[in-house]
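> model the following, please.
(chains A and B)
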Amino acid sequence: MGYLAAENLAAERLPGATFAARHRGALLGALAVVLFFTAWQMIFLIVPLNPLFFTTPAQIAAGFTDLVESGDLLHDLAVSAVPFGLGLLAAVIIGVPLGIVMGWRVRVGYALDPLMTVFYASPLVALAPLLVIFFGVGISGKTIIVFTLAVFPFIFNAASGVRAVDRLLINVVRSLGGRERDIYLKILFPSVLPYVVAGARIAVGRALIAVLVGEFFAASEGIGYAISRFGDIFAIDRMFACILTVMVIAVVLTEGIRWAERAAFPWRASQ
Amino acid sequence: MTDQTLDLSIGASAGRFVSPALRQRIESIALGTTTIALLLVAWELLPHVLPVQQGTRLFFTVPSRIFATLWQMFATGTIWAPLGVSATAFAIGLALAIAAGLPLGILLGRSATLNAMFDPFVTAFNATPRLVFLPLLMLWLGIGLSSKIAIVFSGALFPLLINTHEGVRNADKILINVVRSFGATGWDVARLVVIPNSLPFIIVGLRLAIGRAILGVVVAEFFGAQDGLGVVMVRAASSFNVDVVFAGLIVFAALSLVMTGLVKLLEDRMSRWRPQRAENE
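Below is the predicted model of the structure:
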């Protein structure tokens, strides 16, 4: 066990090892998930099931099929996806250039850093009730909540990306007669890209929170609304189906970005 | 003001009487406070410059009124009861998260098999906003203190668990071998190498956990609670009492900044002699 096991695991990844040995981690993980759901299903053979509060994986699967066949799930997801996408898009469009300027122009950085830090550190979700009152419960209200929460990771990551830029590159561009515009286009934008993608991973999580907050508060459709409505009517199976769908989407998004990071910027992932 | 960009900042700003580093520090503090002050002044003057319509005036406020409200809340003591309720949920949830997260993180850090088995669950729960479980928790635990604690706990658990795990796993293998060669037991290895090595990681985890825990208190009180500062804010928002919403936000933000700032101090002290570590948000 322990450190010894970790060393063995590494040794087993040699090319000659069997399939089972090479994918030991993934197989163990899959086994644990299967065990978990089996145990969940089996426990109610022993314990009586109170359908008001609990459900089984089989019932969740049935509820999920129902929701997919009626098209409700897809509709709710589509409704939630619009403010999610728009808010993130706005966060990238505003956050990345702002972060680059804050990193590059030292005085702009001095001027804006404390303000942005205060915003980033405070639980901005607390502004949600106000934003809902200002902008309504529709797409615009939710989009603005998403933007408010998601913009800061982009700003800070773009700024630290600029601060990590190789000074030599800048001197080269200057020596070859490059202007400020060339520095932005040829050095700063390309080199903050890995940082922006890393920021996107954090921003996606915050954007999900924002969508859910917006929809729990006041909405008539959307996946967050579906979850709280199914909770209100004690439809636990369909509620779990929606929750698991959100979980799968969250994992796919964050792990997808992580994968993209490794694929696109392998020199950074190795750090 | 010159057109100063990043690469010129070192050396180019050398003053005659003060050292460049000090000058930069003064400049950064001065510029930072000026921006915030200007923003507040502009906000305060906005209704005097632009005509605010009757309808908008309902949800419009200025900093002076927000601070007056905040002062009022503290002076009359109306803030203490709800703040106490929120703080209780925060403290219990965070304490439970520490009590569960550290041992679990150490366990997963030491056993590759257990780690592989728990990994899908940790990844899934960490990627998902815990807010999604709030309706379920309200159903199970009611709308009292316990569902709030559960949300705070689930938010704070994962940063602690993941960072502890990372710290334990990154313990220097050579150091462990050295200690072992001198006849150390498993406990000695833990005491001499693993725990000192993972402490800075745990502190970073704690800082992230505090942020998540405050977020948890806020959202839990927005949707499923009867008491607490978050409840006060939502009630104020629905009766267009915008000042109270901002006052509450300021209190939450101040608490968050102070607590994470204190942990950050501890972190800087402990990691002064260490190479830079990547954060695990």
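> show me what contacts the closest residue in space to residue B:28 that isn't next to it in sequence?
Closest residue in space to residue B:28, ignoring its immediate chain neighbours: residue A:110 at 4.0 Å, by CB to CB, 6 or more residues apart in numbering or on different chains. Where C-beta positions appear, they are placed from N, C-alpha and C, glycine not excepted. Going by CB atoms under 8 Å, 6 or more residues apart in numbering or on different chains, residue A:110 touches B:27, B:28, B:31, B:32.
> in this structure the first one contacts residue A:107, no?
The reference is to residue B:27. Yes: with contact defined as CB atoms under 8 Å, residue B:27 and residue A:107 form a contacting pair (7.5 Å).
> where does pLDDT dip in the stretch 1-150 of chain B?
Within the stretch 1-150 of chain B, the stretches with pLDDT under 70 are B:1-18, B:54-57.
> how about the strands in it?
Secondary structure of the stretch 1-150 of chain B by DSSP state E, counting those that start in this stretch: no strands are present.
> interface residues of the stretch 151-281 of chain B facing chain A?
Proximity of the stretch 151-281 of chain B to chain A (CB under 8 Å from any CB of the partner chain) is limited to residues B:169, B:171, B:173, B:176, B:186, B:211, B:214-215, B:218-219, B:222-223, B:230, B:233-234, B:237-238, B:240, B:242, B:245-246, B:248-249, B:252-253, B:256-257, B:260, B:278, B:281.
> if you set the cut-off to 6 Å instead, what comes out?
Remark: the part of the stretch 151-281 of chain B in contact with chain A comprises B:214-215, B:218-219, B:223, B:234, B:237, B:245, B:249, B:252-253, B:256-257, B:281, using CB under 6 Å from any CB of the partner chain.
> and which of these is nearest residue A:258?
residue B:281 (12.5 Å; CB to CB).
> how about the helices in chain B?
Secondary structure of chain B (DSSP state H): helices at B:9-12, B:20-49, B:54-57, B:63-75, B:80-110, B:112-127, B:134-141, B:145-169, B:173-181, B:186-189, B:195-223, B:229-238, B:242-270.
> how many neighbours does residue A:252 have?
Around residue A:252 there are 12 other residues, counting by other CB atoms under 10 Å in any protein chain shown.
> now for the host helix or strand of it, which elements pack on it?
Using DSSP states H and E, residue A:252 sits within helix A:236-264. Applying 3 or more CB pairs under 6 Å, 6 or more residues apart in numbering or on different chains; DSSP states H and E, one finds that helix A:236-264 makes contact with helix A:57-70, helix A:189-217, helix A:223-232, helix B:112-127.
> can you give the distance of it from its chain's centre?
Once both centres are worked out by CA atoms, centre = their mean, to the nearest Å, helix A:236-264 turns out to sit 8 Å from its chain's centre.
> how about the helices in the stretch 1-150 of chain A?
Under the criterion DSSP state H, counting those that start in this stretch, helices of the stretch 1-150 of chain A are mapped to A:3-12, A:19-22, A:24-46, A:57-70, A:72-104, A:106-121, A:128-135, A:139-163.
> which parts of the fifth one are buried?
Judged by neighbour count using 16 or more other CB atoms under 10 Å in any protein chain shown, the buried positions of helix A:72-104 are A:73, A:76-77, A:79-80, A:83-84, A:86-88, A:90-92, A:95-104.
> chain B next: which of the residues you listed are close?
residue A:104.
> domain assignment for chain B?
What automatic domain parsing lists as the domains of chain B is B:6-51, B:73-270.
> still on that earlier bit, okay, and the common contacts of residue B:27 and residue A:107?
Shared contacts of residue B:27 and residue A:107 (CB atoms under 6 Å, 6 or more residues apart in numbering or on different chains): none.
> my read is that residue A:104 contacts residue A:160, right?
No: here residue A:104 does not reach residue A:160: they are 12.0 Å apart, not a contact under CB atoms under 6 Å.
> list residues touching both of these two?
By CB under 6 Å, 6+ apart, no residue touches both residue A:104 and residue A:160.
> residues of the stretch 1-150 of chain B that sit close to chain A?
Residues of the stretch 1-150 of chain B found near chain A (CB under 6 Å from any CB) are B:4-7, B:9, B:28, B:31-32, B:35-36, B:59, B:110-112, B:116-117, B:119-120, B:124, B:127-129, B:131-132, B:135, B:139.
> list buried residues within those.
The neighbour count (16+ other CB under 10 Å) marks B:4-7, B:28, B:31-32, B:35, B:110-112, B:116-117, B:119-120, B:124, B:127-129, B:131-132, B:135, B:139 as buried among the residues of the stretch 1-150 of chain B next to chain A.
> what about residue 114, how many residues nearby?
Here I'm looking at chain A. Number of residues near residue A:114 (other CB under 10 Å) recorded here: 16.
> hm, I was asking about chain B
Neighbours of residue B:114 under the rule other CB under 10 Å: 17.
> without its sequence neighbours, what residue ends up closest to it?
Leaving aside its sequence neighbours, residue B:114 sits nearest to residue B:108 (CB to CB, 6+ apart; 5.7 Å).
> who's in contact with that neighbour?
The contact partners of residue B:108, by CB under 6 Å, 6+ apart, come to B:114, B:115, B:118, B:165.
> for the residues you listed, pick the one with the most neighbours.
residue B:165 (27 neighbours).
> give the contact list for it.
Counting by CB under 6 Å, 6+ apart, residue B:165 makes contact with B:105, B:108, B:109.
> from those residues, pick the one nearest chain A.
Distances from chain A to the contacts of residue B:165, taken as CB to the nearest CB, are shortest for residue B:109 (9.0 Å).
> okay, now the closest one: neighbour count?
By other CB under 10 Å, neighbour count at residue B:109 equals 25.
> same question, residue A:163
Close neighbours of residue A:163, defined as other CB under 10 Å, add up to 15.
> with residue B:64 instead?
Look at residue B:64: counted by other CB under 10 Å, it has 11 neighbours.
> would you mind measuring from it to residue B:244?
Residue B:64 sits 15 Å away from residue B:244, going by CB to CB, to the nearest Å.
> got it, and residue A:30?
Separation of residue A:30 from residue B:244 (CB to CB) stands at 50 Å.
> cool, and residue A:51?
41 Å.
> higher neighbour count, these two?
Neighbours were counted for residue A:51 and for residue B:244 using other CB under 10 Å; residue B:244 has more, 23 against 13.
> per-residue pLDDT of the nearest residue to the more buried one once chain neighbours are set aside, please?
Distances taken as CB to CB, 6+ apart put residue B:236 closest to residue B:244, at 3.5 Å, once the chain neighbours are dropped. You'll see residue B:236 listed with a pLDDT of 87.
> my read: residue B:236 touches residue B:243, true?
No: look at residue B:236 against residue B:243 with CB under 6 Å: they stay out of range, at 7.8 Å.
> can you list residues touching both of these two?
Contact criterion CB under 6 Å, 6+ apart; residues shared by residue B:236 and residue B:243: none found.
> confirm for me that residue A:111 is in contact with residue B:31.
Yes: here residue A:111 lies in contact with residue B:31, judged by CB under 6 Å, at a distance of 4.3 Å.
> from residue A:201, how far out is the residue nearest to the spatial centre of chain B?
Centroid-nearest residue in chain B, with CA atoms, centre = their mean: residue B:211, separated by 2.0 Å. According to CB to CB, residue B:211 and residue A:201 sit 16 Å apart.
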